[in-house]
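[1] next one to model:
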Amino acid sequence: MRARLLEATIQCLVDAGFAGTSTTLVSKIAGVSRGAQLHHFPTKNDLVVAAVRHLYDQRAAEFEAAQRDLPVGEGRTRAVLGALAEYVTSPFFTAALELWVAARSDEQLLAAVAPLEIETGRGLHRIAVDLLQVDETRPGVRELVQATLDLLRGLGLANTLGDDSRRRARILDQWAQTLDRELKELG
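    Here you go, the predicted structure:
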């Protein structure tokens, strides 16, 4: 029941946005009683934050599994960027974006979303370091990884306005070359 509520919440956030997401609508989509929903998640904020955390945990597990399928050597960086780009063009990113925007002007939601954003941001950074197989203790590497994640978030944001896949592919092709060159120069 909990999983159905979380999945229904993500669907609502993606389809209707934060403002259009209500606990009543989530309960209806999930096929559970309002009382059951309230038992698991007393407030809308509890529900949406739990849903985004749930989806992040799923994606982190998917990245772990995908690591085995990434190429070794040439082409790895571009493959990693492709996997991370899928992440920022997924329902997770759309749902998280809805929360970020709503939290900007809602102190209660911000209090719940800010720690989640810190946690998921650090987690995504760790995932990127692992996937790229880089040593972030080397000067400059951490910043390159973070710049990569910031670039990807920007591309994910652009994708929310329409299919941006062709332009995104060209940018990621170029960034993969740049990132490989810069990481090699850092030793």
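[2] residue 2 touches residue 36, doesn't it?
    No. Under the criterion of CB atoms under 8 Å, residue 2 makes no contact with residue 36, lying 9.5 Å away. All C-beta spots, glycine's among them, are computed from the backbone N, C-alpha and C.
[3] in the chain, which ranges drop under the pLDDT threshold?
    Scanning the chain for pLDDT under 70 picks out the ranges 187.
[4] can you map out the helices along this structure?
    2-20, 23-30, 34-40, 44-66, 76-88, 91-104, 107-132, 141-159, 165-185 (DSSP state H).
[5] backbone dihedrals for the residue nearest to residue 186 when sequence neighbours are not counted, please?
    Once flanking residues are discounted, residue 186 sits nearest to residue 140: 4.9 Å by CB to CB, 6 or more residues apart in numbering. Dihedral angles of residue 140 (phi, psi; degrees, to the nearest 10) stand at phi 90, psi -20.
[6] pretty sure residue 140 sits against residue 147.
    No. Look at residue 140 against residue 147 with CB under 8 Å: they stay out of range, at 10.1 Å.
[7] shared neighbours of these two, which are they?
    With contacts defined as CB atoms under 8 Å, 6 or more residues apart in numbering, no residue is shared by residue 140 and residue 147.
[8] can you pull the buried residues of stretch 148-167?
    Buried positions in stretch 148-167, judged by neighbour count with 16 or more other CB atoms under 10 Å: 148, 149, 151, 152, 153, 155, 156, 159, 164.
[9] which of the residues you listed lies closest to residue 118?
    Proximity of the buried residues of stretch 148-167 to residue 118 (CB to CB) peaks at residue 149, which lies at 13.6 Å.
[10] distance of residue 124 relative to residue 145?
    10 Å (CB to CB, to the nearest Å).
[11] ignore what I typed, I meant residue 133.
    Remark: distance between residue 133 and residue 145 (CB to CB) = 11 Å.
[12] who's more crowded, the two?
    When neighbours are counted by other CB atoms under 10 Å, residue 145 comes out ahead of the other of residue 133 and residue 145, with 21 against 13.
[13] about what we covered before: distance to residue 6 added to the buried residues of stretch 148-167, as a markdown table?
    Putting the buried residues of stretch 148-167 into a markdown table (distance: CB to CB, whole Å) gives the following:
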| residue | distance to residue 6 |
| --- | --- |
| 148 | 29 |
| 149 | 25 |
| 151 | 29 |
| 152 | 24 |
| 153 | 23 |
| 155 | 26 |
| 156 | 21 |
| 159 | 23 |
| 164 | 28 |
